[in-house]
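Engineer: Everything below, folded, please.
(chains A and B)
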Amino acid sequence: MTLAPERPSRTEPALAARPQGGSLVQQFEYGLDAPICLTWELTYACNLECAHCLSSSGRRDPRELNTEQCKAVIDELQRMQVFYVNIGGGEPTIRPDFWEILEYAVDHEVGVKFSTNGVRITPERARFLASTDYVDVQISLDGATAEVNDYVRGPGSYDTALRALQNLQDAGFADAKISVVCTRENIGQLDEFKALADRFGATLRLTRLRPSGRGADVWDELHPLPEQQRELYDWLMANGEDVLTGDSFFHLAAFGESLPGLNLCGAGRVVCLIDPIGDVYACPFAIHDNFLAGNLLADGGFQKVWQTSKLFTELRSPQTGGACSSCAFFDSCRGGCMAAKFFTGLPLDGPDPECVQGYGESALAAARTIPAPSQDHSKANPTRNQPVMLQLLSRPPAAPSGPPVSTCAEHPLAGFDPDESSPSAVDPTSHAGCACGKADGTGCC
Amino acid sequence: MDSLLGEPWALSPSVALRPEPFGALAYHFGNRKLTFLKRKELVEVVKNLESAPDVRTALQAAGIPPSQHDAYATALRGLAATDMIRPRAAADEKQVGA
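Structural biologist: This next block holds a predicted model:
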């Protein structure tokens, strides 16, 4: 099984082979001198613990770039003419120097779009944001109702997001973005999301659920069902002009008509990610050692990593379609998302796990090994903000005889079933709670 | 023939050109539009606009044969639609008046 991003071996550098003319997408496949748009996670610290967090955020990494280092990154982006960055995290606004970094970027011709759960978008901050004209704000919301949203993002997170949107609207901030990760739970709410965006004078942005970070743990249960993919595609075809997608649904192009956008995997070619400690990854959905191009502190700066790293050079070399090349739709979907394949343990030159022609399902049914995460900044202990996904984290069904056994039952024979060969029904990895009823599992009994 | 060819034009003051292997990326800081100039010749033409008395002169300076001038005029009209380039007349008059 191929897990590493292996390509047919090449001896010459990819840039030498760039064709003259051709379409823009063909040119992009060979990479750009600087990214078009860059995601920069400022911190792994977060007040929330979303079940599907791409970056497994929660705790701050002690090696996080300091204010001066962040400003040096911005200076370099300005020199490279990277005209805007998407700042995220973690929750970027809980960095004490967040607003200072934001102003520094804007003053240095690097526009900012930042993603936030809204926790620090107070009326005062909203007025400040409304007074800038080079800043975009993107509020994350994964349900059009509190019930659906809080299920994955944690209790209270819906109210926080809506309060932030209200503050922005009241301050006269025009055209905020509402960013939605499309899941099995919320695909049926697309019209409601649109109505919500209209209500706040905002633009709706829909993106794909990736099995990255903690998303790997919940992907099986949250990724849209095949018929929902069709529903999403039809909705995008009807409403796509007014909706942003971050180009994330190009795997749906195999339904027929391409969606607006590049319909190209931009990883390491036109996009990349800088993480809080300065590590540079191929894309925001691929925070894993296999997609780590280098570190901007250790490897001579961001420009050097972007232009000369081995990984990015490989990603810019022509790729074969592998098992997909005989498919009639390969030209439209290009085999789908590299990160989605990698984190579901599928070969990178085969079908996307959500291939709309059905090849993903058979690939998922075959033998595969889901790669272990190479880092995790999740909080060590759950807090009151942790989503309680009872369906996902519940204990395995108890043996039909005997009462349920809690994780903190102290009886020496707790969970022991003389008829079973397994030593215990207690799942040591589960922290769904306890029979005592205080479900947060933190010192409840 | 496009009347633009006889007019003085220039890159918009809020636009930056970033060189790329295939041409350039043009970014407008005002309306935040991003456009790609897919040919190096077109980049050359756009850079020449400011100093040339008219668009035709800018095309000639970039070595564009007259047979392609209309095609380039169409491409330039496309850039004008998002304010990447703009007619220079207004700015010139100001300078004369000053």
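Engineer: backbone phi and psi for B:Ala61, please?
Structural biologist: phi -60, psi -30 (degrees, to the nearest 10).
Engineer: And B:Ala10, its phi and psi?
Structural biologist: Residue torsions, per degrees, to the nearest 10, at B:Ala10 are phi -160, psi 160.
Engineer: and it, what is it in contact with?
Structural biologist: B:Ala10 makes contact with B:49-50, B:85-86, B:88, B:91, according to CB atoms under 8 Å, 6 or more residues apart in numbering or on different chains. From N, CA and C alone the C-beta is placed, and that goes for glycine too.
Engineer: Straight-line length of stretch B:26-40, end to end?
Structural biologist: With CA to CA, to the nearest Å applied, stretch B:26-40 spans 13 Å between its terminal residues.
Engineer: ditto for stretch A:331-350
Structural biologist: Span of stretch A:331-350 from end to end, CA to CA: 14 Å.
Engineer: Look at residue 31 and report its pLDDT.
Structural biologist: Here I'm looking at chain A. Looking at A:Gly31, its pLDDT is 91.
Engineer: that answer is for a different chain, and I need it for chain B
Structural biologist: 88.
Engineer: Would it be right to say that it lies in a strand?
Structural biologist: No. Applying DSSP: H, G, I helix; E, B strand; the rest coil, one finds B:Asn31 to be coil, outside a strand.
Engineer: That one: neighbour count?
Structural biologist: A count of nearby residues for B:Asn31, using other CB atoms under 10 Å in any protein chain shown, gives 12.
Engineer: what's the closest non-adjacent residue to it?
Structural biologist: In space, and not counting its chain neighbours, B:Asn31 is closest to B:Asp83: 6.2 Å by CB to CB, 6 or more residues apart in numbering or on different chains.
Engineer: Got the confidence number for that neighbour?
Structural biologist: pLDDT, B:Asp83: 96.
Engineer: tell me which element it falls in.
Structural biologist: Following DSSP states H and E, one finds B:Asp83 outside all helices and strands.
Engineer: Please point out which parts of stretch A:121-129 sit buried.
Structural biologist: Neighbour counts using 16 or more other CB atoms under 10 Å in any protein chain shown place A:121, A:125-126, A:128-129 of stretch A:121-129 among the buried residues.
Engineer: coming back round to it: run through the residues that contact the residue nearest to B:Asn31.
Structural biologist: Counting by CB under 8 Å, 6+ apart, B:Asp83 makes contact with B:12, B:15, B:28, B:30-31, B:33.
Engineer: Ok, A:Glu64 next?
Structural biologist: A:43-44, A:276-277.
Engineer: Near chain A, which residues of chain B? Just list them.
Structural biologist: Within chain B, the residues that sit near chain A (CB under 8 Å from any CB of the partner chain) are B:16, B:18-22, B:25, B:27, B:29, B:32, B:34, B:36, B:38-39.
Engineer: Quick one: buried ones out of those residues?
Structural biologist: Buried residues within the residues of chain B next to chain A, defined by neighbour count using 16+ other CB under 10 Å: B:18, B:20, B:22, B:25, B:27, B:29, B:36, B:38-39.
Engineer: Widest-spaced pair of these?
Structural biologist: B:Phe29 and B:Arg39 (23.6 Å; CB to CB).
Engineer: do you know how far the residue nearest to B:Asn31 is from B:Gly30?
Structural biologist: Look at B:Asp83 and B:Gly30: by CB to CB, to the nearest Å, they are 7 Å apart.
Engineer: Kindly report the same for A:Glu109.
Structural biologist: Separation of A:Glu109 from B:Gly30 (CB to CB) stands at 12 Å.
Engineer: So for these two, which residue has more residues nearby?
Structural biologist: Ranked by neighbour count (other CB under 10 Å), A:Glu109 and B:Gly30 place A:Glu109 first, with 17 against 12.
Engineer: part of a helix, is the more buried one?
Structural biologist: No. In this structure, A:Glu109 is coil, not part of a helix, as judged by three-state DSSP.
Engineer: mind listing what it touches?
Structural biologist: Contacts of A:Glu109 by CB under 8 Å, 6+ apart are A:78, A:83, B:16, B:29.
Engineer: Would you mind putting the residues you listed into TSV with distance to A:Asp220 and secondary structure alongside?
Structural biologist: TSV is the format used below for the contacts of A:Glu109 (distance: CB to CB, whole Å; DSSP: H, G, I helix; E, B strand; the rest coil):
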residue	distance to A:Asp220	secondary structure
A:Gln78	43	helix
A:Phe83	39	coil
B:Ala16	45	strand
B:Phe29	44	coil
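Engineer: Please report the distance of the residue positioned nearest the centre of chain B from A:Pro371.
Structural biologist: The centroid of chain B falls nearest to B:Val46 when counting by CA atoms, centre = their mean (3.6 Å). B:Val46 sits at a distance of 46 Å from A:Pro371 (criterion: CB to CB).
Engineer: residues near A:Arg269, how many?
Structural biologist: 22.
Engineer: Can you report phi and psi for the residue nearest to it when sequence neighbours are not counted?
Structural biologist: The shortest distance from A:Arg269 to any non-neighbouring residue, by CB to CB, 6+ apart, is to A:Gly31 (4.6 Å). As for A:Gly31, its main-chain torsions (degrees, to the nearest 10) stand at phi 90, psi 160.
Engineer: returning to that earlier point: from the residues of chain B next to chain A, which is closest to A:Asn385?
Structural biologist: B:Arg32 (34.3 Å).
Engineer: my guess is the closest one meets A:Asp133, correct?
Structural biologist: No. Contact criterion CB atoms under 8 Å: B:Arg32 and A:Asp133 do not qualify, at 9.5 Å.
Engineer: what number of residues lie near A:Ile287?
Structural biologist: Neighbours around A:Ile287, by other CB under 10 Å: 26.
Engineer: same question, A:Arg59
Structural biologist: By other CB under 10 Å, 16 other residues sit near A:Arg59.
Engineer: show me the contacts for it.
Structural biologist: By CB under 8 Å, 6+ apart, the contact list for A:Arg59 reads A:44-45, A:377-380.
Engineer: Out of those, who's the most crowded?
Structural biologist: With neighbours taken as other CB under 10 Å, the top of these is A:Tyr44, carrying 25 neighbours.
Engineer: Let me know the pLDDT of that residue.
Structural biologist: On pLDDT, A:Tyr44 comes in at 97.
Engineer: tell me which element the residue lying closest to it once chain neighbours are set aside is part of?
Structural biologist: Nearest-residue entry for A:Tyr44: A:His377, 3.8 Å, with adjacent residues in sequence omitted and distances by CB to CB, 6+ apart. Using DSSP H and E, A:His377 sits within no helix or strand.
Engineer: So out of everything in the stretch 201-350 of chain A, what residue is nearest chain B?
Structural biologist: A:Val270 (10.1 Å; CB to the nearest CB).
Engineer: So that residue is in contact with A:Ile36, correct?
Structural biologist: Yes. Counting by CB under 8 Å, A:Val270 touches A:Ile36, with 4.7 Å between them.
Engineer: Which positions in the stretch 301-445 of chain A make contact with chain B?
Structural biologist: Residues of the stretch 301-445 of chain A lying close to chain B (CB under 8 Å from any CB): none.
Engineer: show me what contacts the nearest residue to A:Asp175 once chain neighbours are set aside?
Structural biologist: In this structure, A:Asp175 finds its nearest non-sequential neighbour in A:Thr203, 5.7 Å apart by CB to CB, 6+ apart. Applying CB under 8 Å, 6+ apart, we find A:Thr203 in contact with A:175-178, A:197, A:242-244.
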